[in-house]
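> sharing a model that was predicted from the sequence below.
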Amino acid sequence: MAGAGSADRVAAVRRFSRFYTRQIGLLHEGLLGGPLSLTEGRVIYELAQSGATTAARLGAELGLDAGYLSRILRGFEARRLIARRPSETDGRESVLSLTDAGRQAFTAIDSRSREEVGALLARLTEPEQQRLVEALGVAETLLGGERPEPATPYLLRPHQPGDMGWIVHRQGLLYAQEYGWDERFEGLVAEIVGGFIKAFDPRHERCWIAERDGAVIGSVFLVRASDEIAKLRLLYVEPAARGLGIGRRLVDECIRFARRVGYRRMTLWTNDVLTAARTIYQRAGFRLVEEERHHSFGHDLVGQNWELPLFD
């Protein structure tokens, strides 16, 4: 039984809920002033994070009634926001993924959310912002949420316009500074990201961007090599962000996505001088299958091919 004063505490929580709802803008006709409802926005967000999933897993993750979720998904199909394809493992289920229009809807929601929260925080001083973040963390923990570890204050998101230019610039600059590689490496990175954008298949490919305090601090690509083979490419972490486990997390996301999509094997190519990246690959289960000496980017190097079986 609730103790004395519980009614006041319940009223306080409800009062804050109403206050925050007004502040964050969820009382607009649509989510953040857009055409989607709050629940529809949650479904779009989850599909963007998962890449491809089933209605059953989606409903369990969001705690939604199956009938209600089914109506939302039918509406998404009518608006061409999602696509369905038969599951390769269970003929009774379909695999759901966002279409290009669906990813555009997610990007719009994500951008508007960032803008509105940023505007809220802009009213506060730096110490006040820190107090707010700490208080929200306490509330999340007390209510059963999984609070991020203090040592990993970053988020992962899909790529957005402008990210590809950043990747080419930062990798070209960093590898020149740390390894003395010439501009031909920057040209190779530009070719890879250009090809990714031109032929991007969101059902089978993905780019993850690691971001902290609005700044990009890392990235990785997973691309389709064949129906059964995925290729990990261009793993990168900013020097100032190393030690936070970002590289390992990016590789883990690639592996999870590849398994979910149904790839049988992952491959990657690297050079033996990139010892930090090689350590991450080894810990993730990759094994070295081939080495070859080559002269590239102004240096004599040893290229390495690594593989990871995804299913026994």
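Received the coordinates, thanks. Numbering: from 1, shown residues only.
> low-confidence ranges, the chain, go.
For the chain, applying pLDDT under 70 flags the ranges 1-5, 20-35, 50-51, 89-91, 126-127, 130, 134, 145-152, 312.
> what ranges does it have for its strands?
53-54, 82-86, 94-98, 155-158, 206-212, 215-224, 229-237, 265-271, 287-296, 299-309 (DSSP state E).
> from the chain's centroid, how far away is stretch 269-282?
Put simply, stretch 269-282 sits 22 Å off its chain's centre (CA atoms, centre = their mean, to the nearest Å).
> to what extent is the residue nearest to R103 when sequence neighbours are not counted buried, counted in neighbours?
Sequence neighbours aside, P202 is the residue nearest to R103 in space, at 6.3 Å (criterion: CB to CB, 6 or more residues apart in numbering). Every residue, glycine included, has its C-beta placed from N, CA and C. Under the neighbour criterion other CB atoms under 10 Å, P202 is assigned a count of 17.
> pipe the strands of the chain into TSV and attach mean neighbour count per row.
Shown next, in TSV, are these (neighbours: other CB atoms under 10 Å):
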stretch	mean neighbour count
strand 53-54	18
strand 82-86	15
strand 94-98	21
strand 155-158	16
strand 206-212	21
strand 215-224	22
strand 229-237	21
strand 265-271	19
strand 287-296	11
strand 299-309	15
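> ok, which of those comes nearest E183?
Taking CB to CB, strand 287-296 is the member of the strands of the chain nearest to E183, at 12.1 Å.
> give the other helices and strands that that closest one contacts.
Judged by 3 or more CB pairs under 8 Å, 6 or more residues apart in numbering; DSSP states H and E, the packing partners of strand 287-296 are strand 299-309.
> mind redoing it with 10 Å?
With contacts taken as 3 or more CB pairs under 10 Å, 6 or more residues apart in numbering; DSSP states H and E, strand 287-296 sits against helix 183-198, strand 265-271, helix 275-283, strand 299-309.
> okay, now A60: neighbour count?
12.
> any idea how far Q49 is from L120?
As judged by CB to CB, to the nearest Å, Q49 and L120 stand 23 Å apart.
> how about L47?
26 Å.
> look at the two and report which has more neighbours.
L47 (23 against 15).
> I'd assumed L98 was in contact with that one.
Yes - L47 is in contact with L98 according to CB atoms under 10 Å; the separation is 5.1 Å.
> ranges for the helices of the stretch 1-150 of the chain?
For the stretch 1-150 of the chain, the helices defined by DSSP state H, counting those that start in this stretch occupy 6-24, 38-50, 55-62, 66-78, 100-122, 126-142.
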